[in-house]
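Kindly generate the corresponding structure for this input.
(2 chains)
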Protein chains: 2
Amino acid sequence: MIKHNEYFDGNVQSLALEGHEKPCTVGVMAKGEYEFGTGDPEEMRVIAGELIVQLPGSDSWQSFKDGESFMVPGDSKFQLQVPVDTAYLCIYG
Amino acid sequence: MIKHNEYFDGNVQSLALEGHEKPCTVGVMAKGEYEFGTGDPEEMRVIAGELIVQLPGSDSWQSFKDGESFMVPGDSKFQLQVPVDTAYLCIYG
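The predicted model follows:
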């Protein structure tokens, strides 16, 4: 069974994929601003839309659009500005 | 609010994106075999995994993997073999 999760009152939702080399989820973030925390390191790939991220320890914001990706260290927090509903793939570990 | 849909007893699940040029969903198909019907024409993009598709009117099966896509005509049915849990982006219209 595909695991469906909701965060931020349903404004971020994800679906988990089993059987891949690393655990991963696809999801949608509704337009808005969010702070996420990581356990394992994560690779975030933008599928459709835009994520504007402030990575841990950074003072600046970087934009990532369709097909672009960024890495987030484990055990950290990062800030996201999401200017339009955005689909992403998150690969853990 | 992000719309979450389930099909085939939860073995296919999707999340809808609002505010894009065309309506689109991201989703996951669990390993298995499925027949889908279209209303509007659809572009299906494989994000992670593999879709083996028999398009309407075709006798043959074609494989599409990460980053590849195929078009499905409107008002048609198509068959899918899904050898591993697969994430997809579907763009309608």
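
For residue A:76, which non-adjacent residue is closest in space?
residue A:56 (4.0 Å; Cβ to Cβ, 6 or more residues apart in numbering or on different chains). (Glycine included, C-beta is placed from N, CA and C.)

quick check, that neighbour in a helix?
No: counting by DSSP: H, G, I helix; E, B strand; the rest coil, residue A:56 is located in no helix; its state is coil.

Pull up the residues of chain A that are close to chain B.
A:1-2, A:4, A:6, A:10-13, A:15-20, A:24, A:26-28, A:30-31, A:47-49, A:84-87, A:89 (Cβ under 8 Å from any Cβ of the partner chain).

I'd like to know which of these are buried.
Neighbour-count burial within these applies to A:2, A:4, A:11-13, A:15-17, A:24, A:26-28, A:30, A:47-49, A:85-87, A:89; the criterion is 16 or more other Cβ atoms under 10 Å in any protein chain shown.

Distance check, the residue nearest the centre of chain A against residue B:82.
In chain A, the centroid-proximal residue (Cα atoms, centre = their mean) is residue A:44; its distance is 5.1 Å. Noted for residue A:44: a distance of 24 Å to residue B:82, by Cβ to Cβ, to the nearest Å.
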